[in-house]
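S.K.: sequence and predicted model, in that order:
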Amino acid sequence: MTSNACPCGSGKPFELCCEAFLTGRIKPETAEELMRSRYSAYVRENIAYLKETLWPKFQSSFDFAATAKWASESHWTGLKVLGSTKGAARDREGTVLFEASYLAGGKLLTHRENSLFRKKSGRWYYVEAVSTP
């Protein structure tokens, strides 16, 4: 991966991939695009984006400091999208199964999650982990 490669693993340069989502120039059209951009937000420590793309009902209880600490103390090493159901531009809901690898405390760890995403007013949001298979 080159230094300007997008952290989300798309193979595209960051400037042509998740950067537009993280800066708010455009909104993700699919649940997978949102999931990938949220991973990039962790890598880039863009905690405001993580809060902004969280389902509105949960934004008030978002722990900004704890999320920032986890993001900064982790060295993110890769993202694998393992599958998805629905979540296309025309859908209102979808799930994405993924694995995010990172180094923390000298150990290589993997966060595996099946995430639920919902669309409200034409915008995708992360709702919650529905399972960790």
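M.R.: Yes, it's here.

S.K.: ok, now how distant is Lys57 from Asn46?
M.R.: In this view, Lys57 and Asn46 are 22 Å apart by CB to CB, to the nearest Å. Heads up, the C-betas are built off the backbone N, CA and C, glycines and all.

S.K.: more crowded one of those two?
M.R.: Legend: neighbour count by other CB atoms under 10 Å for Lys57 and Asn46, higher for Asn46 (20 against 10).

S.K.: tell me the pLDDT at the more buried one?
M.R.: Note on Asn46: pLDDT of 98.

S.K.: the residue nearest to it when sequence neighbours are not counted: how many residues sit nearby?
M.R.: Among residues not flanking Asn46 along the chain, Leu22 sits closest, at 5.2 Å (CB to CB, 6 or more residues apart in numbering). For Leu22, the count of nearby residues is 20 (other CB under 10 Å).

S.K.: and the one 10 residues further on, by the same measure?
M.R.: Residue neighbour count, defined by other CB under 10 Å, stands at 22 for Glu32.

S.K.: how far does the helix or strand hosting it sit from the chain's center?
M.R.: Using DSSP states H and E, the element containing Glu32 is helix 31-44. For helix 31-44, the separation from the chain centroid amounts to 3 Å (computed by CA atoms, centre = their mean, to the nearest Å).

S.K.: fine by me, we can end here.
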